[in-house]
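**Q** 3D model of this:
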Amino acid sequence: MSVAFDEALFYKQETRAINDPMGFVNSNALHKKRGTNPQSLMLNTASAYLCKGSFAEAVEYLEAFAAIRGGEINPFLICKYHLLWYKLFSNLENAQEQSAEHLQKALRYQKKSGSAALDSEALLYQCLKEVSEREITQSEEILSKAMKLALKSDVQELVLDVYLGYIQLYLSHNLPDQASKEIALISDMIVLEEHPLKYIQLQNLMGVMYNIQQRFSDAEGYFIKASEIAELKGYAIQSIQVYMNLGIAKCNQGDFSSGIKLYDKSLELLNGIKGYHLTLAQKVFSNKARALALVGNLDEAIALMQDLLNAAEATGENRNTNILRINLADNIIERGEYEYAKQLIEQATAYFQEKKIYDLLQNCHLCKARLYEAQADYQQAFSCMEDLYASSREFFRESFQKQNRKYSQRIDELHNEYFLLKNQCHNTANSSIKNQRNILIGEHPLIQKALSTAHQAAKYPFVNVHIYGESGTGKEIIARIIHEAGNSDKSLVAINASAISPNLIESELFGHIKGAFTGAVSDHKGKFLLANQGTLFLDEISDMPLDCQSKLLRALENHSISPVGSEKEISVHCRVVSASNRKLSELIRANKFRLDLYHRLNKVEIFLPPLRERISDLEMLSRHFIARFAREFGHPEPVIEDAFFTRLEKHSFPGNVRELMNIIERIFILKPKPIWAADQLDGLIEETAISTPTELSIAQNLNEKEAQLILDTLKKVNWRQKEAARLLGMTESTLCRRIKKFGLEK
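**A** Residues are numbered from 1 along each chain as shown. Okay, the predicted model is just below:
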């Protein structure tokens, strides 16, 4: 009896196959008894064997799948079949053509399948295939699309793969700080017990990140942890890679003996994969040869390089062969084998010249210069350096042209996007005005940090964010920025916990069914359900009752809700952005807020400073609101005198940016004038209250520190006020007023 294909069941089976490959392989008979689709079972068994590094067994199951006759196979399964071949060939030397062929076939069947999960997988493979060659912004766009599709498919392993893809992208472009931010976002999502393979991959990537940062002892710790788990779980390929990386970390610390032993450990594991030559092997051998040369064991290093070269020549892979020729020549020069070295260099030079591979051609000329220098033929060595210079010029010229083509292509794309947006503008005028209000104005470092963090979090649709700041600082604006930057086509649903009666909060959040309580005359959808696949903004979360906090925690943990009066569980997926004007940590200490809920909500935390702590942004904010209300009221923008801002700066702004906006709006309504001086603020702001001696001393101390900071900055830039204003994060006119206020002189 045939068994119908179930995509969700396939991915559940695949999850088990990659996270417990040995257990999955051993339980094949049990799966067959339960009536699992035999084609699905074959592919996932092949996947399990690939994770184990048992390539021969994986091929056996893939060939068995291909041999199935009678009836048309689901295009989803054919796509997965080709993706598994692609993964296998990607690990093998000189199999680029086969790898690319299977990826193209997979893409054809992916389109036929209509599967969002397969679409996400295909995008991820395409991105990582050329991750270091493609422009980084293009790769980020591809990963963003892959993430949306992965979330739509609700396959958790796939979502985690995309997260890891971001880290690989940034590390391949030598951006460890950016990779570190990604790691911070996902580190507690990848749990060893649930995702051992991803856990090993993450530990390995963290080690690579620290290697790039030259924090080798830290890198070593992560590689050791990854190697122990990889060996315990039977992930052969991961073990080989991690041992090699650990060897690199050891050699970078000068411990070449330990590094060579680790390379040998990798090679021992590689020998266990019989009949298949992995690309990893060459990397391990090359690193070992380099280490041997550095410790003075030149003969063994050269012998190893010669073996690598012989193997490469036998395969006919020219690029790699000629790279190895240069590496070998570089070492045998030390041993005085000049004629053989010259032969190797000339072979490599001819190839790279013909193919116009100028970056590697530079290595040829440099190696040849070393050869002539070793023979004391300095005239020839100088000639080689001139050839090196010519190759360098060609390399930079070609790189510039390639980059120029990329930017020209991007400019054309932006040009087309511009006209598309221009045509849409007539229908979106009102929406445009609304979006203008969803911007956070300011150049203060804390505001820029808040914006940067918001856009970083927006890349991950279901990462929860907590915003802390006083009332009126712009918490809802940040929530809307996150929602809109996440490119969600779903709604942002807001609820203010402090504005709803405690006995109604649960109904507002989770909904209720008819008859659940007095007054429940019909079914009611809660905010969670309305925000499904979008964003739920929980304002003043600190005012939520404790009993409701526990239900909110359960909803976040299980991604499901139960309407009041119902026992039915409804699945929901949305980003929760919470906000509070009180520090949740203080409420936790007072037993007024749950610690476990805090950790669920606080995946990313954003702090918005009060206006009084970023007074340097006051003029910029004021001019923004003046321009906005001038448009809305149909008035020309007034001329603003410095005295207006000077008086405004003396106000403490307990209502923060919202209060400033209201002041500007009231001026337009009550007393609009073409010129705004200090008296424009009469009756609109309170005069500064008389301070106590302690307050005066604090204020005086702050003024002195600010004056000294400004003076030091001015001196640093030789009193160029425009440059000083940029460094201080304030406008030039604000700086001028500060100079006058403090009586600073050159």
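
**Q** Following the chain onward from the helix or strand hosting Lys148, which element is next?
**A** Counting by DSSP states H and E, the element that carries Lys148 is helix 136-153. The first helix or strand that comes after helix 136-153 along the chain, using DSSP H and E, is helix 156-172.

**Q** For the helix holding Lys148, name the packing helices and strands.
**A** Applying 3 or more Cβ pairs under 8 Å, 6 or more residues apart in numbering; DSSP states H and E, we find helix 136-153 packed against helix 116-129, helix 156-172. Where C-beta positions appear, they are placed from N, C-alpha and C, glycine not excepted.

**Q** need the next SSE after the last one, C-terminal direction.
**A** As assigned by DSSP H and E, the chain's next helix or strand after helix 156-172 is helix 176-186.

**Q** what packs against the next helix or strand after that following helix?
**A** Next along the chain after helix 176-186, taking DSSP H and E as the criterion, comes helix 196-212. Secondary-structure packing of helix 196-212 (3+ Cβ pairs under 8 Å, 6+ apart): helix 7-19, helix 156-172, helix 176-186, helix 216-233, helix 236-252.

**Q** between these, which one is nearest to Ile439?
**A** Proximity to Ile439 (Cβ to Cβ) singles out helix 176-186 among the helices and strands packed on helix 196-212, at 22.7 Å.

**Q** Show me what the closest one is packed up against.
**A** Other helices and strands packing on helix 176-186, by 3+ Cβ pairs under 8 Å, 6+ apart, are helix 156-172, helix 196-212, helix 445-458.

**Q** Direction-wise, compare the second one with helix 216-233 and give the angle.
**A** So the one you mean is helix 196-212. 160 degrees (axes from the mean of the first three to the mean of the last three Cα atoms, to 10 degrees).

**Q** Just give me how far helix 196-212 sits from the chain centre.
**A** Distance of helix 196-212 from the chain centroid (Cα atoms, centre = their mean, to the nearest Å) equals 15 Å.

**Q** Give me the mean pLDDT for it.
**A** Per-region confidence: helix 196-212 scores 94 on mean pLDDT.

**Q** For it, which residues meet the burial criterion?
**A** Within helix 196-212, the residues scored as buried using 16 or more other Cβ atoms under 10 Å are 196-211.

**Q** Ok, stretch 449-467 next?
**A** Neighbour counts over stretch 449-467 (16+ other Cβ under 10 Å) mark 450-451, 453-454, 456-467 as buried.

**Q** quick one: average confidence on it?
**A** In this model, stretch 449-467 has an average pLDDT of 88.

**Q** Residues contacting that stretch, please?
**A** Outside stretch 449-467, the residues that touch it by Cβ atoms under 8 Å, 6 or more residues apart in numbering are 144, 147-148, 151, 163, 166, 181, 185, 440, 475, 478-479, 481-483, 485-486, 488, 541, 556, 573-580, 584, 598, 600-608.

**Q** What distance separates the opening and closing residues of it?
**A** Using Cα to Cα, to the nearest Å, one end of stretch 449-467 lies 13 Å from the other.

**Q** and that stretch, how far out from the chain's middle?
**A** Relative to its chain's centre, stretch 449-467 lies at 11 Å (Cα atoms, centre = their mean).

**Q** what do you get for stretch 149-160?
**A** The chain centre lies 16 Å from the centre of stretch 149-160; the measure is Cα atoms, centre = their mean.

**Q** Ala497 is in contact with Glu540, correct?
**A** Yes: contact criterion Cβ atoms under 8 Å: Glu540 and Ala497 qualify, at 4.9 Å.

**Q** quick one: which of the two has more around it?
**A** Using other Cβ atoms under 10 Å as the criterion, Glu540 and Ala497 rank with Ala497 on top: 23 against 19.

**Q** from memory the more buried one sits against Leu536, does it?
**A** No: look at Ala497 against Leu536 with Cβ under 8 Å: they stay out of range, at 11.7 Å.

**Q** Where does the prediction get shaky in the stretch 401-550 of the chain?
**A** Low-confidence segments of the stretch 401-550 of the chain (pLDDT under 70): 401-438, 487-489.

**Q** Now flag whichever of the buried residues of helix 196-212 is closest to Phe5.
**A** Distances from Phe5 to those, taken by Cβ to Cβ, are shortest for Leu197, at 24.8 Å.

**Q** which residues touch the closest residue to the closest one other than its chain neighbours?
**A** The spatially closest residue to Leu197, leaving aside those adjacent along the chain, is Ile18, at 5.3 Å (Cβ to Cβ, 6 or more residues apart in numbering). Neighbouring residues of Ile18 by Cβ under 8 Å, 6+ apart: 47-48, 51, 157, 197.

**Q** which one of the residues you listed has the most neighbours?
**A** Using other Cβ under 10 Å as the neighbour criterion, Ala48 leads these with 28 neighbours.
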